[in-house]
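Visitor: Could you look at this predicted model? Sequence included:
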Amino acid sequence: MADTQTPDFEAAGEHAAKAERDIQAPLDAKEKRTFKDEGEEAPPMQAGARPYPAPPFPEQHQAKPGQEARLDPAPMYDAPFYKGSGKLEGKVALITGADSGIGRAVAVLFAREGADIAIGYLDEDRDAEATRLAVEMEGRRAILLPGDVADPAYAKAAVERTVKELGKLDVLVNNAAFQEHVTDFEDLTPEHFDRTLKTNLYGYFHMAQAAVKVLPPGGAIVNTGSVTGLLGNKDLLDYSMTKGGIHAFTRSLATHLIDKGIRVNAVAPGPVWTPLNPADKLGPQVAQFGGKTPMKRPAQPEEIAPAYVFLASPQTASYITGEVLPIIGGYNGG
C-alpha cells in the first residue's frame, strides 16, 4: 500500500532554521570578540618590500604642472629591492611625463632592465634632471625632451631625436597627463575641457602615431589609463572621460597593430603619490589622499612601475596586447 503520509514541512523548516542558527552562533560569538570599537580602523595594508606612507599627509598644494622636489613626503620611486634581469636589455624607451611620479619610476626600472631612456616632460627641468641622473646611475643613457605632447610637431620631433641620439625606439610609454577637478559641472570651461583632451587624448594619439613609424616588430606601447576611466569620478568629469578613451584607444590600436608585430597595453592606476595630485587638490584633500582605498593608502610610484616593465618586455608579455591592467589597491565589496 502506498505511503500517503503528508510530509511535515513545518518540522523540516524548524529543523533547517535550527541548523542555520547553529552555524551562526559561533561565528557571531567570534565576531563579537574581535569587533573593533566604532572609529577604530585596521592599519593601512603593507604588503611590499618596504613600508609605504599613509594618510594623513602634510597639507600642501602646488601650481601646475607640479614638482616632485616639493612633494612631502618625497615619492618613493627607486625600488631598491627590485633586481633587474635584462628584460629590456638593449632597448630604447621614450616615456612622456617621465620627470616625476609614475614616469620617473618607470624610467628607473626600465634602465635597471637595460634600456636607454628619452625623458619627455613640460618644463619641470629640476625634476627631469633628477630623472636623468637616476637613469644614468643605473648605467644607461638618457636624454631630455621638453615640450608639449598636445603639439603633433613635438611628438614627431621627440621620436626623431630619440632615434638620432639613442639609435632607435623600441618602447613608447604614453604617461603625460593634465588633471584638474571641478565641483560644479558648470565650472568646467571649454578651455579647461580642451586642455584635458588635448593632453590626455590628442597627446597619446600624436605620440603613438609618430612612434609607430619607427617601432620594430616586437616593439611595445604602454599607455597610462586610470581607475577613473573604469569607475568614473564625479569631480574629474573630463579627466575620467579621457582615461576611458585611452582604454578604448589601447584596445583598438592593439588590434590595428597586430600585423606590424607591435603590442599595445595600458596600466590603470588608482591613487598614486605624485605631483599630479597636490597640483589638483587642495591641502585638506591631499592630506587624506588614497585613504578611501581598501588598502587605506595611495600607491607609491615604485609599486606601479613593475607593471610597465611586465607589459613592455617581450620576455614577459609577448602574448599580451589590448589589455588594461588595473592597479587600484583593492576593490570595495560594498
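Guide: Structure received.

Visitor: Now do the helix or strand Ala17 falls within: which elements does it pack against?
Guide: Using DSSP states H and E, the element containing Ala17 is helix 9-34. Using 3 or more C-beta pairs under 8 Å, 6 or more residues apart in numbering; DSSP states H and E as the contact test, no helix or strand touches helix 9-34. The C-beta positions use only the backbone N, C-alpha and C, and glycine is treated the same way.

Visitor: Just want the most central residue of the chain.
Guide: Taking C-alpha atoms, centre = their mean, the centroid of the chain lies closest to Pro269, which sits 2.7 Å from it.

Visitor: Relative to Ile258, how far out is it?
Guide: According to C-beta to C-beta, to the nearest Å, Pro269 and Ile258 sit 26 Å apart.

Visitor: Same question for Thr242.
Guide: 25 Å.

Visitor: Could you pull up the residues touching Ala54?
Guide: Neighbour list for Ala54: 43-44, 290-291, 296-297 [criterion: C-beta atoms under 8 Å, 6 or more residues apart in numbering].

Visitor: Show me the contact partners of stretch 122-131.
Guide: Contacts for stretch 122-131 (C-beta under 8 Å, 6+ apart): 65-69, 98-100, 103-104, 107-108, 119, 121, 142, 144, 146-148, 176, 275.

Visitor: 10 Å instead, please
Guide: 64-71, 77, 95-101, 103-108, 111, 117, 119-121, 142, 144-149, 176, 178, 199, 275 (C-beta atoms under 10 Å, 6 or more residues apart in numbering).

Visitor: which parts of it are buried?
Guide: 122, 124, 127-128, 130-131 (16 or more other C-beta atoms under 10 Å).

Visitor: circling back: which of the contacts of stretch 122-131 fall within helices?
Guide: 101, 103-108, 111 (DSSP state H).

Visitor: What ranges does the stretch 51-200 of the chain have for its strands?
Guide: 92-95, 116-121, 142-146, 171-174 (DSSP state E, counting those that start in this stretch).

Visitor: pull the CA atoms of the second one into PDB?
Guide: In other words, strand 116-121. Output of strand 116-121 as PDB, limited to C-alpha atoms (Å, rounded to 0.1, in the frame of the first residue of the first chain):
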ATOM      1  CA  ASP A 116      68.200  53.800 -22.600                       C
ATOM      2  CA  ILE A 117      65.600  56.400 -21.900                       C
ATOM      3  CA  ALA A 118      64.200  59.500 -23.600                       C
ATOM      4  CA  ILE A 119      62.500  61.700 -20.900                       C
ATOM      5  CA  GLY A 120      59.500  63.700 -22.100                       C
ATOM      6  CA  TYR A 121      58.200  66.500 -19.900                       C
END
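
Visitor: Pull the distance from the worst-scoring helix or strand of the chain on mean pLDDT to the chain's centre.
Guide: Using mean pLDDT, DSSP states H and E, helix 9-34 stands out as the lowest-scoring helix or strand of the chain, at a mean of 75. On the basis of C-alpha atoms, centre = their mean, to the nearest Å, helix 9-34 sits 45 Å off its chain's mean C-alpha point.

Visitor: My guess is Leu169 contacts Ala155. True?
Guide: No. Counting by C-beta atoms under 10 Å, Leu169 stays clear of Ala155, with 12.0 Å between them.

Visitor: got any residues that touch both of the two?
Guide: 94, 210-211.

Visitor: What residues sit buried inside stretch 187-200?
Guide: 195-200.

Visitor: And those, which is closest to Ala317?
Guide: Asn200 (23.8 Å; C-beta to C-beta).

Visitor: Who are the contact partners of that closest one?
Guide: 149-150, 174, 176-179, 224-226, 229, 238-239, 241-243, 245-246.
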